[in-house]
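**Student:** My questions concern the predicted model and sequence given below.
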Amino acid sequence: MTLFSLPGRPENRTRSIPLSLSLARRQKGVALYVVIVLVLLSMLLALWASRSALFGEVVVGNDADYRRTFEAAQAMLQDAEFDIRGVQPDGSICVNDPAKEDVCRRATAVFFDIETKDLEQTLSEIQDRSPTLKCYKGICQKRADPQDFWNDSATLTAMKDDNVAAHYGQFTGADAAATANPILSGTAGNRRAWYWVEILPYVDPNVSLLAGMPPGSNVERFAPSRKKPWVYRITAIAQGNRPTTTVVLQSTLSLQAVE
């Protein structure tokens, strides 16, 4: 065993420290640094795990909000179609509700149950009641450009007005609470889903320009009833809980003779 002599006073010169004890003390110092590094690594792993969990929660929340908003927009399209057809959500003929004058459009100035002779009067009524937006109670004249009015915040705000847009169940009597979708059950001043229906004149398939088209062409197949030679373009908009979640859906409805 190797001995080390300590300098200093005479009484200390006879003392010595074993080499193994010196190495042990050095090893204890290294172990402290190892423990500190491991603790720091553990903290970093815990922080990474928490941030990953938070990110996952945000992604799931965004996806759930979008899906709920998309479903609300789809419900608005369907409700608009029921409104056009004059039926209730169960398919039965719309029944007036004395407590709600909008249901079945029994007291509104414009409605869908018209024929060719009534179209001009309906469009004129819309023009008189809404000369700028040309929409009243969810029924609109054909929009001029730009078609995507929802991309202009000022126009969209004006289009959401209760006298301009239609909301879920307003004209069909559908119960928004029964859908379990909070987006559909908004009240005045807090609505988050709307629809508008444009009346679009349809080309007459018998005009000479189309005389050479083969039988069964799309122009003929999708032609509306002769009594109502127009189609309906429905625009539905729903806004989710998050300010950035907005869904816009459009569909076109042609009521054919069998209907």
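**Tutor:** Thanks, I have it. Treat the numbers as computed from the prediction; the structure is a model and nothing was measured.
**Student:** Break down this structure into its strands, ranges please.
**Tutor:** 135-136, 139-140, 193-201, 230-239, 246-253 (DSSP state E).
**Student:** tell me what the last one is packed against?
**Tutor:** Using 3 or more Cβ pairs under 8 Å, 6 or more residues apart in numbering; DSSP states H and E as the contact criterion, the elements in contact with strand 246-253 are helix 19-85, strand 230-239. The C-beta positions use only the backbone N, C-alpha and C, and glycine is treated the same way.
**Student:** what residues are up against the nearest residue to Phe222 once chain neighbours are set aside?
**Tutor:** Spatial nearest neighbour of Phe222, chain neighbours left out: Ser254 (5.2 Å); criterion: Cβ to Cβ, 6 or more residues apart in numbering. Ser254 makes contacts with Tyr202, Phe222, Ala223, Pro224, Val231, Tyr232, as judged by Cβ atoms under 8 Å, 6 or more residues apart in numbering.
**Student:** which of the residues you listed lies closest to Gly138?
**Tutor:** Using Cβ to Cβ, Tyr232 comes nearest to Gly138 of these, at 10.9 Å.
**Student:** any idea how far Thr116 is from Pro224?
**Tutor:** Applying Cβ to Cβ, to the nearest Å, the value for Pro224 to Thr116 is 11 Å.
**Student:** before we move on, what about Leu133?
**Tutor:** Noted for Leu133: a distance of 25 Å to Thr116, by Cβ to Cβ.
**Student:** Looking at those two, which is more packed in?
**Tutor:** Leu133 (20 against 12; other Cβ atoms under 10 Å).
**Student:** Next, count neighbours for the nearest residue to the more buried one once chain neighbours are set aside.
**Tutor:** Spatially, and ignoring its direct neighbours in sequence, Leu133 is nearest to Val164 (5.6 Å; Cβ to Cβ, 6+ apart). Neighbour count for Val164, taken as other Cβ under 10 Å: 21.
**Student:** quick one: contacts for Val164?
**Tutor:** Contacts of Val164 (Cβ under 8 Å, 6+ apart): Ser130, Leu133, Cys135, Tyr136, Lys137, Gly138, Ala158, Trp196.
**Student:** what residues are up against the fifth one?
**Tutor:** When contacts are counted by Cβ under 8 Å, 6+ apart, Lys137 touches Asp102, Arg105, Thr108, Ala109, Val110, Asn163, Val164, Ala166, Phe171.
**Student:** Select from those the one having the most neighbours.
**Tutor:** These, ranked by neighbours (other Cβ under 10 Å): first place Phe171, 28 neighbours.
**Student:** That one reaches Asp83, doesn't it?
**Tutor:** Yes - with contact defined as Cβ atoms under 8 Å, Phe171 reaches Asp83; the gap is 4.5 Å.
**Student:** who touches both of those two?
**Tutor:** Arg105, Gly138.
**Student:** Can you give me the first-to-last residue distance of stretch 94-108?
**Tutor:** 15 Å (Cα to Cα, to the nearest Å).
**Student:** re the thing from before, nearest to Thr122, of the helices and strands packed on strand 246-253?
**Tutor:** Per Cβ to Cβ, nearest to Thr122 of the helices and strands packed on strand 246-253: strand 230-239, 10.5 Å.
**Student:** Cool, thanks, talk later.
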